[in-house]
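Novice: Have a look at this prediction, sequence included:
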Amino acid sequence: QVQLVESGGGLVQAGGSLRLSCAASGRTFSSYKMGWFRQAPGKERDFVARIGASGGGIYYADSVKGRFTISRDNAKNTVYLQMDSLKPEDTAVYYCAAGPNLATMPNNYNYWGQGTQVTVSS
């Protein structure tokens, strides 16, 4: 069992940066593949980025490639999402998720955080 808590969201102007953190409880964090997803009002939950258990297997959605960076620190049971050059279309609730497989579909992840709001103003 893993419990996930996101933090770091907020309001930022276009072109700015935010760093999201996802703190996990439990001793088995380092065995899980981790993903970041986002959901805008009235839209489906979309894949943003994923990372393997040891930090490899990184993959990004085309919409964030070159602007966002996913990383993890297994000693701190934390996964990060550095978001640079933010755009208004990045506005959404951002969720981290943990699962057994490297995947881009939400249903491949077993555990989810409560989400953190990111709002980018133009």
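Specialist: Arrived safely.
Novice: all strands in the protein, in order from the N-terminus.
Specialist: For the chain, strands defined by DSSP state E occupy the ranges 4-7, 10-13, 18-24, 33-39, 45-51, 59-60, 68-73, 78-83, 92-99, 111-112, 116-121.
Novice: Mind giving me the packing neighbours of the last one?
Specialist: Counting by 3 or more C-beta pairs under 8 Å, 6 or more residues apart in numbering; DSSP states H and E, the packing neighbours recorded for strand 116-121 are strand 10-13, strand 18-24, strand 92-99. For glycine as for every other residue, the C-beta is placed from the backbone atoms N, C-alpha and C.
Novice: Of these, which stretch is the most buried?
Specialist: Of the helices and strands packed on strand 116-121, the one with the most neighbours on average (mean count of other C-beta atoms under 10 Å) is strand 92-99, at a mean of 23.
Novice: what about Gln1, distance to Pro41?
Specialist: Separation of Gln1 from Pro41 (C-beta to C-beta, to the nearest Å) stands at 30 Å.
Novice: mind listing what the residue nearest to the spatial centre of the chain touches?
Specialist: For the chain, the residue nearest the mean C-alpha position is Trp36 (2.5 Å; C-alpha atoms, centre = their mean). Taking C-beta atoms under 8 Å, 6 or more residues apart in numbering, we find Trp36 in contact with 20, 22, 48-50, 70, 79, 81, 94-97.
Novice: Leaving out the residues flanking it, which one is nearest to it?
Specialist: Leaving aside its sequence neighbours, Trp36 sits nearest to Val48 (C-beta to C-beta, 6 or more residues apart in numbering; 4.2 Å).
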